[in-house]
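In: Just to be clear, the model below is a prediction. Sequence and coordinates:
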Amino acid sequence: MSSSSIFSRSTATHRRTRQASNSVSPPGPPIPPVDASPNPRPITQLLAFVAVVFLGFLQFLPATHFRHPSDPLRKWVPYDSGSPSSSFSRSVASEDGKIYIVSWMDCLDLRVLAVLANSTLSNSRKQSPDKVHFRFFIPDGHDNKVSYFKLKVLFPHSDLEIFGQEEVKEKVRTANSGVVYAGHTFEEVAPFLIQIIYSSWSKFIYISPNVIVKGRIEELFGSNLTSYAVGGIEDCSERLDNYVNSEVLAAIQRTASKPWISVTPYAMKACMPDSSILLIDPRKLDKDLGKAILWWSKVLNWSKRRSSKNPAIALALHGRYSKLSGSWLLGQSKRGVDKERMIIPYDGPMNICSEFGNAPSQSVPGNLWKQYLPPMADKILGL
């Protein structure tokens, strides 16, 4: 037998064995044939791609609302929407452990603001300068950046913001048919109207610019407002009936229908709140409070009167503010009494403004202000 016939039989045998092994079916039920996956339509692919790109671009849009971490109701609050031109170095307030000091000055005098800032920092030894944040509202017609940099040179470690006043006044005019304020100074009602623009600010202390702070501001800042939005100091040397006639007030209650008018009689012997220093939480502040103050000022015709206190504020705050320690009541500087007072009036020279422009500095007898005027302030501020 030739080798070729042996090779042919071997190959055939191998071929039959391989075919037999391939024809063996696996145990169990038969497996149905699997259909090929369908091809998606081109329009569906295009819509999916557009949706992914659109959602991606949404991530680059600025945030419009936020929820404050200390708000138990976790309400959505809009960020400030004011124009950036009204302030220099604006930032959104947050619970960052800082103490915010706000002041409004009708007649710009950087020397007075420097004394206010330095007296606050000097007597708050527990607080480092970078934990005290000043927000000063100055009259329009002045360069905010120049004022900012002059004060920043004097207080390099403190946070400062300089704001213009026109934005707040314009909002007030819009809400009151062109009337800014029926009083002789906007400064006394400013702390209650600032929240119209800056409603997202956290708790702050409002201080009149013409004072010298001698107490520890952190103690006042830590006062508990409970459910109120405003904390004030009562001045019981002044009573409501010193400013408003009880019969006139009763007639207003009978005839006017406003939500801020008390349905019960006002206590005519109530102490007057002092607006020189206030603790305010704008997030709790009633939106009608500013309108109430403006309305009472107009009804009482307070524009023709000049007094240390405006009864419109007392009537608008009736039963709506927390009473703070009387040691923060603004009082005249007296020997032997100053140690008990937390704030006293500024006793140095200051600019006097009128409708005809700035007048020469007016000198007030006193030397305490010199202790709190920072070194080199005269040269830096151009005094």
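Out: Received it, and whenever you're ready, just let me know what you need. Numbers count the residues shown, from 1 in each chain.
In: Quick check: bridge partners of the spatially closest residue to residue 159 that is not a sequence neighbour?
Out: Nearest residue to residue 159, sequence neighbours excluded (CB to CB, 6 or more residues apart in numbering): residue 133, at 4.1 Å. Backbone N, C-alpha and C define where each C-beta goes, glycine included. Using DSSP bridges, the beta-bridge partners of residue 133 come out as residue 100, residue 159.
In: What separation is there between residue 133 and residue 102?
Out: 9 Å (CB to CB, to the nearest Å).
In: Repeat that for residue 293.
Out: 17 Å.
In: So which residues of the stretch 201-350 of the chain form strands?
Out: Counting by DSSP state E, counting those that start in this stretch, the stretch 201-350 of the chain has strands at residues 204-207, 211-213, 230-239, 271-280, 322-323, 343-345, 350-354.
In: now those strands in CSV, with mean neighbour count and mean pLDDT?
Out: Shown next, in CSV, are these (neighbours: other CB atoms under 10 Å; pLDDT from 0 to 100):
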stretch, mean neighbour count, mean pLDDT
strand 204-207, 23, 95
strand 211-213, 24, 94
strand 230-239, 19, 93
strand 271-280, 23, 92
strand 322-323, 14, 94
strand 343-345, 21, 93
strand 350-354, 14, 79
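In: can I get those in TSV with distance to residue 154?
Out: Output for the strands of the stretch 201-350 of the chain, formatted as TSV (distance: least, CB to CB, whole Å):
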stretch	distance to residue 154
strand 204-207	18
strand 211-213	16
strand 230-239	29
strand 271-280	22
strand 322-323	34
strand 343-345	21
strand 350-354	17
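In: closest one to residue 115 among these?
Out: strand 211-213 (6.3 Å; CB to CB).
In: mind listing what the closest one pairs with, with the direction of each?
Out: Going by DSSP bridges, the partners of strand 211-213 are strand 343-345 (antiparallel).
In: Please compute how far the partner strand lies from its chain's middle.
Out: On the basis of CA atoms, centre = their mean, to the nearest Å, strand 343-345 sits 25 Å off its chain's mean C-alpha point.
In: Residue 370 touches residue 348, doesn't it?
Out: Yes: Residue 370 lies in contact with residue 348 (CB atoms under 8 Å); the separation is 7.0 Å.
In: Tell me how far residue 107 lies from residue 210.
Out: For residue 107, the distance to residue 210 - CB to CB - is 10 Å.
In: More neighbours: those two, which one.
Out: More neighbours surround residue 210 than the other of residue 107 and residue 210, with 21 against 18 (other CB atoms under 10 Å).
In: quick one: contacts for that one?
Out: Counting by CB atoms under 8 Å, 6 or more residues apart in numbering, residue 210 makes contact with 112, 345-346, 350.
In: Spatially central residue for this structure, please.
Out: Residue closest to the average C-alpha location in the chain (CA atoms, centre = their mean): residue 201, at 1.8 Å.
In: Residue 370 and residue 348 - which one has more neighbours?
Out: Between residue 370 and residue 348, counted using other CB under 10 Å, residue 348 has the larger neighbour count: 22 against 10.
In: roughly how far apart are residue 349 and residue 381?
Out: 12 Å.
In: shared neighbours of these two, anything?
Out: With CB under 8 Å, 6+ apart as the test, residue 349 and residue 381 both reach residue 111.
In: list the residues that contact both of residue 107 and residue 210?
Out: Joint contacts of residue 107 and residue 210 (CB under 8 Å, 6+ apart) are residue 350.
In: Any stretches of this structure with poor pLDDT?
Out: In the predicted model of the chain, residues 1-37, 63-96, 125-128, 175-185, 302-308, 332-339, 354-365, 383 satisfy pLDDT under 70.
In: quick one, helices of it?
Out: 3-22, 42-58, 110-122, 144-154, 166-175, 190-193, 217-221, 246-255, 289-299, 311-316, 368-371, 377-381 (DSSP state H).
In: Tell me which of the ones you listed sits nearest to residue 206.
Out: Closest among the helices of the chain, using CB to CB: helix 190-193, at 3.8 Å.
In: what residues does the closest one touch?
Out: Contacts for helix 190-193 (CB under 8 Å, 6+ apart): 102, 104, 137, 168, 171-172, 206, 230, 275, 278, 280, 285, 289-290, 293, 313, 316.
In: CA atoms of that helix as PDB?
Out: The C-alpha trace of helix 190-193 is given here as PDB (Å, rounded to 0.1, in the frame of the first residue of the first chain):
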ATOM      1  CA  ALA A 190     -31.000 104.900  55.600                       C
ATOM      2  CA  PRO A 191     -30.500 101.700  57.700                       C
ATOM      3  CA  PHE A 192     -34.100 100.700  57.100                       C
ATOM      4  CA  LEU A 193     -34.000 101.400  53.300                       C
END
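In: Quick check: which of the helices of the chain is nearest to residue 269?
Out: Nearest to residue 269, of those and by CB to CB, is helix 246-255 at 10.1 Å.
In: Which positions in that closest one come out as buried?
Out: By 16 or more other CB atoms under 10 Å, the buried positions in helix 246-255 come out as 249, 252-253.
In: Reformat those residues as TSV; add distance to residue 48.
Out: Below are those laid out as TSV (distance: CB to CB, whole Å):
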residue	distance to residue 48
249	69
252	66
253	66
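In: ok, back up a step: can I get the helices of the chain in TSV including distance to residue 271?
Out: Output for those, formatted as TSV (distance: least, CB to CB, whole Å):
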stretch	distance to residue 271
helix 3-22	106
helix 42-58	54
helix 110-122	26
helix 144-154	35
helix 166-175	28
helix 190-193	19
helix 217-221	19
helix 246-255	16
helix 289-299	17
helix 311-316	9
helix 368-371	27
helix 377-381	37
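In: All set, thanks.
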